[in-house]
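> sequence first, predicted model second:
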Amino acid sequence: MIHQYETISIDNNGNIKKRITSLSTIMAKRKVNNIIAIPVKKVNNIETSLLLKSFIYYLAKDDKGVFMIAIQNETDTEPKIYSKKQYFLLYPLKSGIKYNDDDQEIIIESIDDIITVQAGTFVKCIKISAHAKNNKSTWTRWFAPNIGLVKLIVTNDDGSRLITQLLSFTK
């Protein structure tokens with residue numbers, strides 16, 4: 001499966017600062033640190049000081065939820081294992097559930113949201129917000145069944161935002 005995304009950077013005055021397109025390719029499962037993981041190769045159309053041209057992140061799941069287990073940059077021969085699982089979906093998936101970890105508070109806002117992006121309208125989406133504890137930034141994500149991430153909005157403490165949306169996908 002291949003997803004094409006666009007990310008728009010908007011400053012705190014509402015001005016568009018940058019547009020980035022990227023392709024995410026879901027690859028064949030493999031073992032990482034003795035855990036079955038799904039590699040996702042992401043290729044961006046530009047490279048910046050905060051964004052690599054391409055990298056692979058590895059997703060896995062356990063009884064607690066779905067998490068990133070590792071990342072592999074262009075120059076790495078093997079994935080680098082995170083010291084701690086980076087959860088972004090936690091079970092049970094029920095509206096109103098709140099979770100806390102060391103860095104953020106995660107709230108499942110809805111499990112039947114409808115979201116429209118350039119790639120189409122998606123129903124029964126999971127909408128999750130995460131509020132960082134160390135600053136005032138908020139991440140809101142929408143995941144569609146059998147598709148994955150369809151939209152992401154990051155609002156920083158200074159009011160600037162990053163908006164990522166799914167442009168197209170192939171199965």
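Thanks, I have it.
> pLDDT below threshold where in this structure?
Applying pLDDT under 70 to the chain flags residues 46-52.
> where along it do the strands fall?
For the chain, the strands defined by DSSP state E cover 2-10, 16-26, 30-32, 35-44, 54-61, 65-73, 80-90, 98-100, 104-117, 120-132, 138-144, 148-155, 161-170.
> export these to JSON lines and append columns for mean neighbour count.
In this view, the C-beta of every residue, glycine as well, is placed from N, C-alpha and C. Output for these, formatted as JSON lines (neighbours: other C-beta atoms under 10 Å):
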{"stretch": "strand 2-10", "mean neighbour count": "17"}
{"stretch": "strand 16-26", "mean neighbour count": "14"}
{"stretch": "strand 30-32", "mean neighbour count": "13"}
{"stretch": "strand 35-44", "mean neighbour count": "17"}
{"stretch": "strand 54-61", "mean neighbour count": "19"}
{"stretch": "strand 65-73", "mean neighbour count": "18"}
{"stretch": "strand 80-90", "mean neighbour count": "14"}
{"stretch": "strand 98-100", "mean neighbour count": "12"}
{"stretch": "strand 104-117", "mean neighbour count": "16"}
{"stretch": "strand 120-132", "mean neighbour count": "17"}
{"stretch": "strand 138-144", "mean neighbour count": "21"}
{"stretch": "strand 148-155", "mean neighbour count": "19"}
{"stretch": "strand 161-170", "mean neighbour count": "17"}
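> show me how far stretch 143-161 is from its chain's centre.
Averaging C-alpha positions (C-alpha atoms, centre = their mean, to the nearest Å) puts stretch 143-161 7 Å from its chain's average.
> need the distance between the two termini of it.
19 Å (C-alpha to C-alpha, to the nearest Å).
> hmm, who's touching that stretch?
3, 9-12, 89, 115, 117, 119, 122-126, 128, 135-142, 162-166, 169 (C-beta atoms under 8 Å, 6 or more residues apart in numbering).
> apply 7 Å and report the result again.
Residues outside stretch 143-161 that contact it (C-beta atoms under 7 Å, 6 or more residues apart in numbering) are 3, 10-12, 115, 117, 119, 122, 124-126, 135-142, 162-166, 169.
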